[in-house]
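**Q** structure, please.
(chains A and B)
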2 protein chains.
Amino acid sequence: MLKDFQFGRPMLKDVYKQKINMLNSKLASLQQTIKEKKLPVVIIFEGPSAAGKGECISRTILSLDPRFFKTYSIATPNDVERRMPWLWRYWVKLPKEGQICFFDRSWYQDVINKYVERKGVTRSWVENKLKSIYQFERQLTDNGYLVIKFYVHITKQEQKERLTKLASKQSTQWRVTKRDWARNKNYDKHLKEADKMLELTDFEFAPWHIVDGMDKKTRAVTISQTIVDSIENAVSKKQSGSLYSPSNKDLSGGFGLIERPKLSEIDLSKTIDDTLYKELLDKYQKRLLKLQNKFYLYKIPVVVVFEGWDAAGKGGCIKRTAAGLDARSYQVNPISSPTPDELSHHYLWRFYNTLPKDGHFAIYDRSWYGRVMVEHIENIIDENTYNRAFREINEFEDELINWGAVIVKFWIHIDKQTQLLRFKERENTPAKRWKITDEDYRNREKWDRYETDVNKMIELTSTVNAPWYIIEADDKHYARIRVLKTLESALTQKLKSEQHRFT
Amino acid sequence: MLKDFQFGRPMLKDVYKQKINMLNSKLASLQQTIKEKKLPVVIIFEGPSAAGKGECISRTILSLDPRFFKTYSIATPNDVERRMPWLWRYWVKLPKEGQICFFDRSWYQDVINKYVERKGVTRSWVENKLKSIYQFERQLTDNGYLVIKFYVHITKQEQKERLTKLASKQSTQWRVTKRDWARNKNYDKHLKEADKMLELTDFEFAPWHIVDGMDKKTRAVTISQTIVDSIENAVSKKQSGSLYSPSNKDLSGGFGLIERPKLSEIDLSKTIDDTLYKELLDKYQKRLLKLQNKFYLYKIPVVVVFEGWDAAGKGGCIKRTAAGLDARSYQVNPISSPTPDELSHHYLWRFYNTLPKDGHFAIYDRSWYGRVMVEHIENIIDENTYNRAFREINEFEDELINWGAVIVKFWIHIDKQTQLLRFKERENTPAKRWKITDEDYRNREKWDRYETDVNKMIELTSTVNAPWYIIEADDKHYARIRVLKTLESALTQKLKSEQHRFT
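**A** The predicted structure follows:
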């Protein structure tokens, strides 16, 4: 794409003026359309140093209302970002509906610069990253985001001249670093790799636009024109509702799955006596604390998900798990209906915002699985979106696993009769009465539909690296011990598999 | 407070068991009360290394529902935090109503460790920091927060023994640093300074509780008992509504004020012709860009506030200001009614969450001044809270100035007739119709009350370092030039005053 790119002649001033004025007024009115149609727009600029990416953005936004866009300049990750999944810093910056985000450099630079400049970075590392990028951009566009990607291209000679000019002025010399000179020297290698990367990531849903960066006027017109076309195109698509619909063949997204029993096959008669309960509780909490110390030391993040029927005892299980951890090492994230702000972002956005730092535990009291349970049953999402969600969730968890996380997911299971007993008990206990509402009864009426969906969820998202554990919870004590034991075993296994790193 | 502290004997096991069980069940039920009464609780733990602060927190939270508290371990600021006001990292972590936050170490360690361990840190630096702490804790308690402060105290000998024990075990040796040993060696000096600091910050609204840290049982009982008492006390206070009420003498909080004219004294007939407008717009935008480059280089943050009548032209002024800046150097923060999440925090919390990094600009389209305009006029806050807000806002801005920020505040001023003309014009222009709502007309009916409040606001918050600028805006072009010129002059002045730092 880059190698055979034809640089053009500078644009004539009159032509430019006429074109850019027309485009700017279109852009200004399209900003209104974006708001009305609730379209979130992500625009990224890549390209060599001194290609004029910043200037491109500055010029583009002149016609926009500054209250409805944000601009991010992406540099080396800071020390918070380094402790999170690599795409985390982009996820948390995603615009909401009706807003535009400009990225001056993006997830692509994270890959290419490392690959070209660091020894020991392998081709397979790059492939893995490009796969993440593919999933990321697909997840965005599938969920209504418009992603526009520009590569601002200049020749080696032009880059050299610009760097020389910047370095010669006192006010701009700080902008030219040693690395920039090195990149100019290595221009051909960078170009070759960038070209390869662009070809591999020129997705139908998020294609690249190569911009002739030699002439300010040409590039301004190309960029504005592309943005106008892309937005108009996205808006008309949105109106016709033609979003991607997954085939029913492999809703899980091709992930290796572990077989799990159906809920109806679970033996709920299991119990534990009081003495043994206390003994084991103490034993596993102590073991957990020791393990957690190591996870902290080795900076391994842990994500624990609790889902289950109302009144199944999730809270009690969470409390006993938390009690086995150092207070400073974990956070419990109670997940309820999304706020308006959360609703206007990609549905996984709010979960990215609650991830733990490495070495820490995040315990979720309900989670992203609401997407394939309540949101489906209450018709908050359509069937297409529902079917897509299994793959999206598996990919999300896969990103966490690539980051180094352990994921343990519990379905706390009781039968319908036990639920009723617990509802009644709560109503009769003043301190617990707040826990029970009419909604609990309404959900209870939908028990069968939930059971179908939960079975499907457990089937399609029990991936090899993040399987579900169904916990028999008619006996609360039994459930708590099972949770602690399962967690302990998952953590121990992780440590074993990583031992080579720490010895 | 510390020097003459009497360490007690270890508590008997039976006494302990009885007391702690009673306290734990009280604490568990008080957590429910906190939620009902919407009380936010901040609990901090200070004290020497190995005093057992972490263990104190772990033990306290055993009886709490982990969904309603968070624990933060405060270490050296990370590189994001270092670029923000020093209390920023605490502000953004504040709990919301009904929640508890535990801080393992806090704002106090930022002061004392630096003072004792770093050369060149002066007594007046400390005094300045303690003043900030005083204001911070007062602002919290005035706004309904309960602040509980523990100092866990142990002897030098005990600390030495604990460090030795930790260092001797393989699993815990990483927890003991060189710094810990140095602090043990310097125990007396630390104690003396800590004692001084505790005395100076033992506020009536947020007193210190010294905890005998020698015996695990004693300290657990003291801490739980104190938390129970403090919460019960706060709840009963909240019921009787006995919050601080400021005297009317100096609502500004003792800040030096600059005199500003009343709105009625402003000459709104000023205009500018088209040619001059274009010329000056270009000139000042270019100057602004140059200045911004320097602010970026010198890492000085800039906060620009736009307030003004509906349809006064704030948006146009903001757009022309932004157009003079590098796209990557600023963010525009449009402020509308607070979300439920924002409402359940201190009202300044959401503004802390939108502050710029150092070297960057944050432009506010409306701001924290809503507190003393719309929130007062619409009776969202009572008269007491209103009167308190001027001092709180001046203190907030003072914190930003201490951080190194420039603050420039604009009141974009038009007369009532001009507003009506603009409303009509908007209604008659399809592209602008969305900008005008019934609410605008309702606000217009309250013009006189707004005028009174705006005059009072400008009078009481035009501090020497962050004065208001009233911009004559019946002529939109005139207003934009005045905004750019004022900003340019404020920035130039700041650079001059800081020149010694950069040459």
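**Q** pLDDT wise, what is the closest residue to residue A:370 other than its chain neighbours at?
**A** Counting by Cβ to Cβ, 6 or more residues apart in numbering or on different chains, the nearest residue to residue A:370 once its immediate chain neighbours are dropped is residue A:335, at 6.7 Å. Just so you know, the C-beta spots here come from the backbone N, C-alpha and C atoms, and that holds for glycine as well. For residue A:335, the pLDDT comes out at 95.
**Q** which ones are touching residue A:335?
**A** With contacts defined as Cβ atoms under 8 Å, 6 or more residues apart in numbering or on different chains, residue A:335 is in contact with A:364, A:365, A:366, A:367, A:370.
**Q** farthest-apart pair in these, please.
**A** Greatest spacing in those, by Cβ to Cβ: A:365 and A:370 (11.4 Å).
**Q** avg pLDDT for the helix or strand hosting residue A:229?
**A** Using DSSP states H and E, residue A:229 sits in helix A:216-240. For helix A:216-240, mean pLDDT rounds to 91.
**Q** ok, now stretch A:4-11?
**A** Here the average pLDDT along stretch A:4-11 is 90.
**Q** same question for stretch A:109-125.
**A** 88.
**Q** stretch A:398-406 too?
**A** On average, the pLDDT along stretch A:398-406 is 97.
**Q** and that stretch, how far from the chain's centre?
**A** 12 Å (Cα atoms, centre = their mean, to the nearest Å).
**Q** on that earlier part again, would you format the contacts of residue A:335 as CSV with secondary structure included?
**A** CSV is the format used below for the contacts of residue A:335 (DSSP: H, G, I helix; E, B strand; the rest coil):
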residue, secondary structure
A:364, strand
A:365, strand
A:366, coil
A:367, coil
A:370, helix
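**Q** by neighbour count, which of the residues you listed wins?
**A** Ranked by the number of neighbours (other Cβ atoms under 10 Å in any protein chain shown), these place residue A:364 first, at 23 neighbours.
**Q** do you know how far it is from residue B:73?
**A** 21 Å (Cβ to Cβ, to the nearest Å).
**Q** now residue A:21
**A** Applying Cβ to Cβ to residue A:21 and residue B:73 gives a distance of 56 Å.
**Q** ok, those two, which is more surrounded?
**A** residue B:73 (16 against 11).
**Q** ok, now which ones touch that one?
**A** By Cβ under 8 Å, 6+ apart, the residues touching residue B:73 are A:328, B:54, B:104, B:105.
**Q** for ChimeraX, write the select line for the buried members of these.
**A** The buried residues among the contacts of residue B:73 can be selected in ChimeraX (16 or more other Cβ atoms under 10 Å in any protein chain shown) with this line:
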select /A:328 /B:54,104,105
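**Q** before we move on, the earlier item: mind giving me the packing neighbours of the next helix or strand after the helix holding residue A:229?
**A** Using DSSP H and E, the next helix or strand after helix A:216-240 towards the C-terminus is helix A:274-297. The contact analysis (3 or more Cβ pairs under 8 Å, 6 or more residues apart in numbering or on different chains; DSSP states H and E) places helix A:274-297 against helix A:314-323, helix A:476-497.
**Q** can I get these in CSV with distance to chain B and mean neighbour count?
**A** Formatted as CSV, the helices and strands packed on helix A:274-297 follow (distance: least, Cβ to the nearest Cβ, whole Å; neighbours: other Cβ atoms under 10 Å in any protein chain shown):
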stretch, distance to chain B, mean neighbour count
helix A:314-323, 4, 22
helix A:476-497, 13, 19
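**Q** okay if I get these as a markdown table plus distance to residue A:204 and mean pLDDT?
**A** Shown next, in a markdown table, are these (distance: least, Cβ to Cβ, whole Å; pLDDT from 0 to 100):
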| stretch | distance to residue A:204 | mean pLDDT |
| --- | --- | --- |
| helix A:314-323 | 42 | 94 |
| helix A:476-497 | 38 | 97 |
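**Q** the lowest-mean-pLDDT helix or strand in chain A vs chain B: in contact?
**A** Here the helix or strand of chain A ranked lowest by mean pLDDT, DSSP states H and E is helix A:499-502, holding a mean of 75. No. Counting by Cβ under 8 Å from any Cβ of the partner chain, chain B is not contacted by helix A:499-502; separation bottoms out at 12.4 Å.
**Q** swap in stretch A:425-440?
**A** Yes. For stretch A:425-440, a contact with chain B is found by Cβ under 8 Å from any Cβ, at A:431, A:434.
**Q** give the contact list for the nearest residue to residue A:156 once chain neighbours are set aside.
**A** Sequence neighbours aside, residue A:187 is the residue nearest to residue A:156 in space, at 4.1 Å (criterion: Cβ to Cβ, 6+ apart). Residue A:187 sits next to A:48, A:156, A:159 when contact means Cβ under 8 Å, 6+ apart.
**Q** compare those and tell me which is most surrounded.
**A** residue A:48 (25 neighbours).
**Q** tell me the pLDDT at it?
**A** Confidence at residue A:48, expressed as pLDDT, is 93.
**Q** same thing with the one 10 residues further on?
**A** We have a pLDDT of 89 for residue A:58.
**Q** give me the number of residues near it?
**A** For residue A:58, using other Cβ under 10 Å, the count is 21.
**Q** just say helix, strand or coil for it.
**A** Classification of residue A:58 by three-state DSSP places it in helix.
**Q** ok, the closest residue to chain B within the stretch 101-250 of chain A - contacts?
**A** Taking Cβ to the nearest Cβ, chain B has its nearest neighbour within the stretch 101-250 of chain A at residue A:104, 5.5 Å off. By Cβ under 8 Å, 6+ apart, the residues touching residue A:104 are A:45, A:53, A:54, A:57, A:71, A:72, A:73, A:74, B:327, B:328.
**Q** backbone dihedrals for residue A:410, both of them.
**A** Residue A:410 has phi and psi values of phi -110, psi 130 when expressed as degrees, to the nearest 10.
**Q** quick one on the thing from earlier: ok, the contacts of residue A:104 vs residue B:480, which is closest?
**A** residue B:327 (19.2 Å).
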